[in-house]
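[1] here's a sequence, model it:
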Amino acid sequence: MSRPHKLILMGISVVLALPLIGKAEISPLITAVAVEEVVVDYQMLDGQIEAVNKSTVSSQTGGVISKLSYDVGDYVEKGALIARISSENQKSGLRQAQAAVSESRASISSATAAVVQAEAAIKEATANYAAARAEFNRVKGLYDKRIIARSQYDQAEAAMKSTLARVESAKANLNAAKAKTNAARSNLSSAQAGLAKAGEQLGYTEVMAPYSGIVTDRLVELGEVVSAGTPIMTGISLQEIRVVTNVPQRLILAVRKNKSARVYIDDDKTGIAVKKLTIFPYADATTNAFKVRASLESAPQGLFPGVYVKIGFNVGSEKRLVVPESSIAYRSEVTGVYVVDEKGIPTLRQVKVGRQTPEGKVRILAGLDSGEIVAIDPVHAALLLKTHQQKLIEEASHD
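    Residues are numbered from 1 along each chain as shown. Coordinates of the predicted model:
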């Protein structure tokens, strides 16, 4: 019989057990040493999946529902048209607003032309006044020398005052034209604001999806009259989900301290790391439990809002005996490991296991001691054990 040889590398050993059946050889048995490691202690609680984005889309204008593009259970892309409201009133309002803008612009053009005319009139009146004043000064000089009659002086003075009045009148007309221009511009601003509002109201007749998701409820019927604020559809997004649970008062201090958790789905033993924990700052008055939201990095495939899961909260760490997950053997209702003795012979031993660690190891709660060697491949170990038993039978028959 060949002797077993053992190579130990960083806690994993290779047992070269080479018993012979005729001339056939059994390949090396890879083993690992059961050791105690510091592992995180997770307190398991029940949790429920909920969507981060869940909302009801309502109409922002009044009218009649003329189109419904989706129904309950349909998937909707972000920005897709989910409903259309009859837009005749909104279109009429838009046309009126456009007409008001055109009218205001025409008023501005007219008032601007009036300003130009008033400025030209001031220029002309000012020139006439300058000429009349010069003439008056000439006549006054002659009158002072008693060369001309008083009537000529009075006539020149009246002409000068008349041209000055025309200058003042032209200035008043210019101020009035400018005021009218300012008023027209103000009206244009108001008309443009009304046009923008009318455009918004027309845009509100097409109800768009705020994000991609699933329709969970349709709240109106085709042809139904709605007003601003009427709920139309409710939907949820499956892109962002979180787990909601209630943490008992006895655990909340440890949960706040460690701020770490993992979510376990069905038979998942490793769990999914939680991205963020949101702990409500108050307890329920009836249960004394704290509501906690656990946000996930991404939504696992097949996980939908309303599904119940297990969530493990990090409440501390302690030393536990662990073995590689692959070394666990499941034989009907028996869970065990193949323990390898000093001769390299594996023997199935029943153990009590705990949850798997994120590193791919399994906690051993009972049935195994630290330092014992286990086979990493239970199928290979079972074959080796069967081969060894057949060899013993053959040796006994020869004796």
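[2] and the helix or strand K257 falls within, what does it pack against?
    Element membership for K257 (DSSP states H and E) is helix 249-258. On a contact count with 3 or more CB pairs under 8 Å, 6 or more residues apart in numbering; DSSP states H and E, helix 249-258 meets strand 272-283, strand 290-296, strand 308-324. Where you see a C-beta, it was placed from the backbone N, CA and C, and this is true even at glycine.
[3] in stretch 33-42, what's buried?
    V33, A34, V39, V40, D41, Y42 (16 or more other CB atoms under 10 Å).
[4] closest one to P300 out of these, please.
    Y42 (18.2 Å; CB to CB).
[5] thought the closest one was touching S317?
    No - at 10.1 Å, Y42 does not count as touching S317 under the criterion of CB atoms under 8 Å.
[6] once you drop chain neighbours, what's closest to V52?
    Setting aside the residues directly before and after it, V52 is nearest to E240 in space (CB to CB, 6 or more residues apart in numbering), at 3.9 Å.
[7] so what's the one you found scoring on pLDDT?
    At E240, the pLDDT value in this model is 86.
[8] any idea how far it lies from K197?
    34 Å (CB to CB, to the nearest Å).
[9] again, but for V243
    For V243, the distance to K197 equals 44 Å [CB to CB].
[10] these two: who's more crowded?
    Counting neighbours by other CB atoms under 10 Å for V243 and for K197 shows that V243 has the greater number, 26 against 13.
[11] who touches that one in this structure?
    Residues near V243 by CB atoms under 8 Å, 6 or more residues apart in numbering: G47, Q48, I49, E50, V263, V274, R293, A294, L296, V309, I311.
[12] over to S295?
    Contacts here follow CB under 8 Å, 6+ apart; on that basis S295 touches V52, E240, R242, V274, K275, K276, L277, T278.
[13] drop anything exposed from these.
    The neighbour count (16+ other CB under 10 Å) marks V52, E240, R242, V274, L277 as buried among these.
[14] can you give me the helices in the stretch 51-200 of the chain?
    Remark: helices assigned in the stretch 51-200 of the chain by DSSP state H, counting those that start in this stretch are 88-144, 150-203.
[15] roughly how far is the longest one from the heart of the chain?
    Between the centre of helix 88-144 and the centre of its host chain there is 58 Å, according to CA atoms, centre = their mean, to the nearest Å.
[16] so that helix versus helix 150-203, what angle?
    Interaxial angle, helix 88-144 versus helix 150-203 (axes from the mean of the first three to the mean of the last three CA atoms, to 10 degrees): 170 degrees.
[17] and helix 88-144, what does it pack onto?
    Using 3+ CB pairs under 8 Å, 6+ apart, the elements in contact with helix 88-144 are helix 150-203.
[18] direction included, what does the helix or strand just after the helix it packs on pair against?
    Next along the chain after helix 150-203, taking DSSP H and E as the criterion, comes strand 206-208. Using DSSP bridges, strand 206-208 pairs in its sheet with strand 81-85 (antiparallel).
[19] need the residues that contact the partner strand.
    57, 59, 61-70, 76, 204-209, 215, 220, 226, 232-233.
[20] rerun at 10 Å
    57, 59-70, 74, 76, 202, 204-210, 215, 218, 220, 222, 225-226, 230, 232-233, 235 (CB atoms under 10 Å, 6 or more residues apart in numbering).
[21] quick check: mean pLDDT of stretch 299-317?
    Across stretch 299-317, the per-residue pLDDT values average to 85.
[22] buried ones in it?
    Within stretch 299-317, the residues that count as buried by 16+ other CB under 10 Å are A299, L303, P305, V309, K310, I311, G312, F313, N314, V315.
[23] which one of those residues is nearest E88?
    P305 (39.2 Å).
[24] from V339, how far off is R320?
    Distance from R320 to V339, by CB to CB: 18 Å.
[25] higher neighbour count, those two?
    Shown here are R320 and V339; by other CB under 10 Å, V339 has more neighbours (22 against 19).
[26] how about that one, nearest residue that isn't a chain neighbour?
    V339 sits nearest to R349 (CB to CB, 6+ apart), 4.9 Å away.
[27] so which of the contacts of V243 sits lowest on pLDDT?
    Lowest pLDDT among the contacts of V243: L296, 86.
[28] okay, and which of the buried residues of stretch 33-42 map to strands?
    V33, V39, V40, D41, Y42 (DSSP state E).
[29] could you dump those residues into JSON lines with distance to S189 and pLDDT added?
    Listed next are these as JSON lines, based on distance: CB to CB, whole Å; pLDDT from 0 to 100:
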{"residue": "V33", "distance to S189": "83", "pLDDT": "88"}
{"residue": "V39", "distance to S189": "70", "pLDDT": "82"}
{"residue": "V40", "distance to S189": "65", "pLDDT": "81"}
{"residue": "D41", "distance to S189": "68", "pLDDT": "82"}
{"residue": "Y42", "distance to S189": "64", "pLDDT": "83"}
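[30] and which of the residues you listed is nearest G344?
    The closest of these, once distances to G344 are taken by CB to CB, is V33, at 14.2 Å.
[31] E372 is in contact with that closest one, correct?
    Yes - V33 is within contact range of E372, at 7.4 Å (criterion: CB atoms under 10 Å).
[32] pull up the overlap in contacts between the two.
    Common neighbours of V33 and E372 (CB under 10 Å, 6+ apart) are V323, V340.
[33] buried sites along the helix or strand where S397 lies?
    Using DSSP H and E, S397 sits within helix 378-398. If you call a residue buried by 16+ other CB under 10 Å, then helix 378-398 has these buried ones: P378, H380, A381, A382, L384, L385, T387, H388.
[34] again, but for stretch 192-202
    For stretch 192-202, by 16+ other CB under 10 Å, it's G194, L195, A198, Q201, L202.
[35] and if you look at stretch 359-372?
    Buried positions in stretch 359-372, judged by neighbour count with 16+ other CB under 10 Å: K361, V362, R363, I364, L368, E372.
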